[in-house]
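Participant: missing the sequence, but the structure's below:
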Ligand SMILES: Cc1cc2nc3c(=O)[nH]c(=O)nc-3n(C[C@H](O)[C@H](O)[C@H](O)COP(=O)(O)OP(=O)(O)OC[C@H]3O[C@@H](n4cnc5c(N)ncnc54)[C@H](O)[C@@H]3O)c2cc1C
Ligand SMILES: Cc1cc2nc3c(=O)[nH]c(=O)nc-3n(C[C@H](O)[C@H](O)[C@H](O)COP(=O)(O)OP(=O)(O)OC[C@H]3O[C@@H](n4cnc5c(N)ncnc54)[C@H](O)[C@@H]3O)c2cc1C
Ligand SMILES: Cc1cc2nc3c(=O)[nH]c(=O)nc-3n(C[C@H](O)[C@H](O)[C@H](O)COP(=O)(O)O)c2cc1C
Ligand SMILES: Cc1cc2nc3c(=O)[nH]c(=O)nc-3n(C[C@H](O)[C@H](O)[C@H](O)COP(=O)(O)O)c2cc1C
Ligand code: FES
Ligand code: FES
């Protein structure tokens, strides 16, 4: 019998392990007509930066084999308009709303977080140090363990809310970065962000995306995200939020077995807006069939330390 | 009018840019009934190690979305039986045969190369420092620029034949590794090897592959290999041999435009054994339609330094 | 906006490489100019949903009359076989299921009463303008439908025939639109249709309209054609509307993937949710 | 071994979830026990070719007689709908193209003349043993065909009927095989077939054969069934052959992906090129 689907991320309790990933679900309102937002365990907003950003040049999206590349480039309304335009809608949800933070330097992250702490208190923050789209920005920050620890430490001092560091797969050893986030006081890590990828148009002989390279997401990267989650879950003692290429309940369950305490659905929201509901239902049935009472019960099989 | 399809890799001239990747084409003989081996520009053998290796436990292969994971684990007959059993067939081909070398420590590579130099001289060597399957072995070696430079230097002294270093995508900065290979005296780099990936069987609650994680290859990784090739081709002044997920002529052409001087077909050989012939034909037609006379003409569009 | 089932009634080639897919769907009625997205296959290759504009919608089966605002009904799209997804689509048979997200985007604004609506279509731009033409005819607005193609084989003759009959004689009771056709190579169509202009559709318009005629221009088709239509309209001080195309991720306004550059401080506007229809002058061509 | 086109003649369900696909293919003749691989779709999802054993091959259309060594002809496979690729396969229609790599692997060795061939099939193991049974009958070798299934619905009654008629009366002129059937739940089949044993097929054999009977055992089906068949054969000192299954990459011996563990210093043998048929004792069960 399923007793409890909830998941603790530091001070925060998510009602269930199924979240929707940053950049793929806007601010919730875009999907309100299609699904019941409050059925989700968590909603991770599109990245918020201190100042508004128009985003990268176009085209920004192209499909690849079982995946897609994007170079949205952190297009967003900026922290001030976030507070006036997006916050009212977001705070009305029962689901845990996590603000995805982005910036170029540590100071940007801190300033944005402090501003939101005051004007738009929500459930927590997911720190995107790994967006491969902003040149010389997020990238460098998220690939250096010392920098990651510093970011986590600095933001930790500024908030008591759930603090999640989002990991990039574009590193030699993702466990090292995860441990740095833990050492800095993060409540959890989420992994993975997109892989660096590219397509070239052989007709024009130019990269398809205006930004040349972009971030690869979708079913194609599922095995990469799962392996990263499996390794990270063995390296840290904080919860891991797994994502990358999930499109079915079976795949979400693979992440939970690998050691994730919660998961996020990204690209699949574009393909099947009902994915969230279907995945949650599938997790519930699996737990019933396998006699699992709570999410941490998934971790007994592959020896993830139960947290 | 196409004047010349040949490609120079150090001392070696390949008749055309289309090769078949290590581990996906055995030693050629397995495909002899299906295609004309001599039509290929190059054939990269399955990895050869000093001693025979039985390979990893089973299962070793599983399909993923538009890709596959393998953990063959360098299964091969070893250098001595390579000389007696495989070399006679391989040396009869007109195509350039490159021996893929693998090992655990620098000494293994050197000893294997020296043995083959003496007993099985072929067109050159591709040094697999990046196979993610052998624990604590190839992995570490291929991710540390200093080690890579040392390997290249050491092997360079031992052979005048074409020396190619094969790069792993599982690193923070692949250009750094490529530059180390160049500094060590490699004639070329090939990129990419497989990505680390994993699947879990939710029925058994165990990883599908006996080795837990494996190497992801096939169409799913095409954008990752292309981006890596594009970046590497801008970082070094030696030829780059591009691979990863190529299944059509259009995709091979994308690699050439990105700066590759030659390409390799891997997983697609399993799906369509005629891929090599079709891709070469497609490259030829494209060159005719676009007035390209030689392979280096591909490099003018995206400003790869012509080598 | 709903995620619904469609049931295919008909799927046939109406011109060389162009197909009309007719299906029944429950749910909200689309307006002319709005679009849907289809997931053509359960597999992850192709992955993303594909957007197509509605070419017809009615709640009376077998009739193509426009009854916007009606509950459930028969819908149509006209699509061109281009790549992987549209090739799969051509293989779908009556009775098969369609995975539909609909209705999406905004719709063609109605023409000012002082102006005659001129609808300029090219290629896959036909669908949303056929739908709009029927709506205008039903409203008694006397539209001009201009259609350009590389050669006559690309023009769906049967689809145009319904616009030839005067009201009363037409099976839908909708009556006439004025047709202007153009083929780049001057190739001719069936005798029932007006002879096509030899050249592009914008050139055809030049020779047809006196500068005094008060028009409101609606255009959907290749980027260059729409741009030319907007420039032509600007010269005449006519309002112009275009339906933009851009690769889409979510199609609901969430991902910021489908933007086009606009003359506005925010620089980019989303085709899926702020469009697909924009004022011609708003687009940075 | 060739990469060839096949042309589908027939594709129908012969038992619950089991299908028989009949097609014409040019090229080398397969032997019983050999297999082919199919690329079921041009898309990359599913990606890999899928292996299936031949269930029949002949060069006389409409006849299922085994004419190994003949040039071109009509081939068949029996497959079970399992996952993505086999689901796509069930949708293929007569006239459609098949992308075939064939013939692959080794074939069933002929039984010693002193021994009666006993063919033990379970599930998808039917195909290669039906093919072999016909070959044995044609050679006058009087085979016993044993088939186990969870329940009667999984047994293709019509396919078994050809083995019931004595030579001369059978449409293929091949004549009889002795049939032994077993269903786990004891459920019964059509009256024309012998009543099934209630239990698994190995138990059914226990009760049928005296220890003296000299048999040569051929088995294809679930791993546990083949293992039980080999153990049973060993107890009787009967030679035993099994056809192994393993996920395949190349299917031509190049990738080392499809290995099984064997009792040999080299530890692993490739199913695709050293098998799929191995001596029962060679496999490390
Ligand atoms: C609002 C809107 C309405 C449209 N209405 C119609 C219509 O009524 N009839 C019609 O035939 N086509 C219409 N299209 C275009 C249609 O979506 C593409 O032709 C289709 O997605 C091509 O898919 P494919 O897999 O066959 O081709 P692909 O192999 O994916 O690509 C072929 C071409 O289509 C373009 N394309 C690919 N994916 C998309 C995408 N998601 N969105 C837009 N373009 C894409 C590519 O850039 C390429 O040029 C519309 C597009 C938009 C944005
Ligand atoms: C030599 C050989 C002969 C075979 N003969 C037959 C036959 O005559 N009839 C028949 O129905 N099936 C046969 N099979 C099994 C058949 O290949 C699988 O059922 C098929 O590949 C499943 O594909 P799928 O996409 O429908 O299923 P998937 O979704 O891929 O998987 C369903 C199941 O099939 C297994 N499987 C997946 N891919 C392969 C693969 N490449 N090779 C082997 N197993 C795989 C998986 O482990 C899983 O248990 C044979 C296999 C081998 C190796
Ligand atoms: C269009 C798009 C926009 C994205 N924007 C962001 C973002 O703003 N911040 C962030 O941390 N991740 C962003 N991501 C990454 C996703 O949150 C997720 O990590 C990634 O897509 C992998 O998951 P998936 O394969 O399920 O899509 C974006 C992804 C896509 C496809
Ligand atoms: C089954 C298999 C075995 C492989 N074995 C080797 C190997 O022995 N040495 C090596 O350098 N690369 C090996 N590779 C990696 C390929 O050579 C190639 O780098 C990788 O598959 C990416 O190319 P692809 O996507 O075209 O397959 C192997 C790949 C596969 C699929
Ligand atoms: S397609 Fe996502 S915002 Fe338009
Ligand atoms: S499938 Fe490649 S060796 Fe058997």
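Facilitator: Cool, the structure landed. It should be emphasised that the depicted structure is a prediction, and the values quoted were computed from it without experimental measurement. Numbering: from 1, shown residues only, chains lettered A, B, ... in the order given. Ligands and ions are numbered 1, 2, ... in the order given.
Participant: who touches the closest residue to ligand 1 within the stretch 201-307 of chain A in this structure?
Facilitator: Here the residue of the stretch 201-307 of chain A nearest ligand 1 is residue A:208; by Cβ to the nearest ligand atom that distance is 8.4 Å. For the C-beta atoms, the positions are set from N, CA and C on the backbone; glycine is no exception. By Cβ atoms under 8 Å, 6 or more residues apart in numbering or on different chains, the contact list for residue A:208 reads A:59, A:62, A:69, A:198-201.
Participant: recalculate using a threshold of 6 Å.
Facilitator: Listed by Cβ atoms under 6 Å, 6 or more residues apart in numbering or on different chains, the contact partners of residue A:208 are A:62, A:199, A:201.
Participant: buried residues, the host helix or strand of residue A:250. List them.
Facilitator: Using DSSP states H and E, residue A:250 sits within helix A:249-258. Under the neighbour-count criterion of 16 or more other Cβ atoms under 10 Å in any protein chain shown, helix A:249-258 has A:249-258 buried.
Participant: briefly note if that helix comes near ligand 2.
Facilitator: No. Against ligand 2, helix A:249-258 shows no contacts by Cβ under 6 Å from any ligand atom, the least distance being 11.3 Å.
Participant: touching that helix from outside, list them.
Facilitator: A:226, A:229-230, A:242, A:246, A:263, A:279, A:282-283, A:286, A:298, A:301-302, B:200, B:202, B:205.
Participant: quick one: which of those residues is nearest ligand 4?
Facilitator: Closest to ligand 4, out of all of the contacts of helix A:249-258 and judged by Cβ to the nearest ligand atom, is residue A:226, at 18.2 Å.
Participant: tell me the SS of the closest residue to ligand 2 within the stretch 51-200 of chain C?
Facilitator: Distances between the stretch 51-200 of chain C and ligand 2 by Cβ to the nearest ligand atom are smallest at residue C:88, namely 18.3 Å. Look at residue C:88: counting by DSSP: H, G, I helix; E, B strand; the rest coil, its state is helix.
Participant: by proximity to ligand 5, which residue of the stretch 151-300 of chain A wins?
Facilitator: Counting by Cβ to the nearest ligand atom, the stretch 151-300 of chain A gets nearest ligand 5 through residue A:270, at 7.3 Å.
Participant: which helix or strand contains that residue?
Facilitator: helix A:268-271.
Participant: list the contacts for the residue of the stretch 151-300 of chain A closest to ligand 5?
Facilitator: C:249-250.
Participant: ok, it to residue C:252 distance?
Facilitator: 9 Å (Cβ to Cβ, to the nearest Å).
Participant: now do residue C:183
Facilitator: 38 Å.
Participant: tell me the pLDDT of residue A:93.
Facilitator: Listed pLDDT for residue A:93 reads 97.
Participant: that one: how many residues sit nearby?
Facilitator: By the criterion of other Cβ atoms under 10 Å in any protein chain shown, residue A:93 has 18 neighbours.
Participant: quick check: phi and psi at the nearest residue to it once chain neighbours are set aside.
Facilitator: In space, and not counting its chain neighbours, residue A:93 is closest to residue A:37: 5.4 Å by Cβ to Cβ, 6 or more residues apart in numbering or on different chains. Dihedral pair for residue A:37: phi -60, psi -40, per degrees, to the nearest 10.
Participant: thought residue A:37 was touching residue A:96?
Facilitator: No. Taking contacts as Cβ atoms under 6 Å, residue A:37 lies outside contact range of residue A:96: 11.2 Å.
Participant: check contacts around whichever residue of chain C sits closest to ligand 4.
Facilitator: The nearest approach of chain C to ligand 4 comes at residue C:45, 15.1 Å away (Cβ to the nearest ligand atom). By Cβ under 6 Å, 6+ apart, the contact list for residue C:45 reads A:65-66, B:66, D:43-45.
Participant: separation between it and residue B:66?
Facilitator: Distance from residue C:45 to residue B:66, by Cβ to Cβ: 6 Å.
Participant: same question, residue C:34
Facilitator: Counting by Cβ to Cβ - residue C:34 and residue B:66 are separated by 32 Å.
Participant: now do residue C:196
Facilitator: 44 Å.
Participant: same question, residue C:129
Facilitator: The value you get for residue C:129 to residue B:66, if Cβ to Cβ is used, is 37 Å.
Participant: equivalent analysis for residue A:46, please.
Facilitator: Distance from residue A:46 to residue B:66, by Cβ to Cβ: 27 Å.
Participant: please apply the same query to residue A:179.
Facilitator: Where residue B:66 is concerned, residue A:179 sits at a distance of 32 Å (Cβ to Cβ).
Participant: the more surrounded of the two?
Facilitator: It is residue B:66, of residue A:179 and residue B:66, that has more neighbours when counted by other Cβ under 10 Å, with 29 against 20.
Participant: quick one: least confident helix or strand in chain C?
Facilitator: Scoring the helices and strands of chain C by mean pLDDT, DSSP states H and E places helix C:157-161 at the bottom, with a mean of 89.
Participant: is that one up against ligand 1 anywhere?
Facilitator: No. Shown here: helix C:157-161 not in contact with ligand 1 (Cβ under 6 Å from any ligand atom), separated by at least 12.8 Å.
Participant: contacting residues around that helix?
Facilitator: Under Cβ under 6 Å, 6+ apart, the answer for helix C:157-161 is C:14, C:189-190.
Participant: quick one, which of the residues you listed are buried?
Facilitator: Buried, going by 16+ other Cβ under 10 Å: C:14, C:189, out of these.
Participant: tell me, which of the contacts of helix C:157-161 make contact with ligand 1?
Facilitator: Applying Cβ under 6 Å from any ligand atom to the contacts of helix C:157-161, none is adjacent to ligand 1.
Participant: nearest to chain A among the contacts of helix C:157-161?
Facilitator: residue C:14 (26.7 Å; Cβ to the nearest Cβ).
Participant: gap between the residue in the stretch 201-307 of chain A positioned nearest to ligand 6 and ligand 3?
Facilitator: In the stretch 201-307 of chain A, no residue comes nearer to ligand 6 than residue A:223, which is 19.5 Å away by Cβ to the nearest ligand atom. To ligand 3, residue A:223 is 11 Å away according to Cβ to the nearest ligand atom, to the nearest Å.
Participant: contact residues of the stretch 151-285 of chain C facing ligand 6?
Facilitator: Residues of the stretch 151-285 of chain C lying near ligand 6 (Cβ under 6 Å from any ligand atom): none found.
Participant: so where's the stretch 151-285 of chain C shaky on pLDDT?
Facilitator: C:165-175 (pLDDT under 70).
Participant: where along the stretch 1-150 of chain C do the strands fall?
Facilitator: Ranges of strands in the stretch 1-150 of chain C, per DSSP state E, counting those that start in this stretch, are C:2-15, C:18-25, C:35-39, C:50-58, C:73-80, C:97-104, C:116-122, C:144-149.
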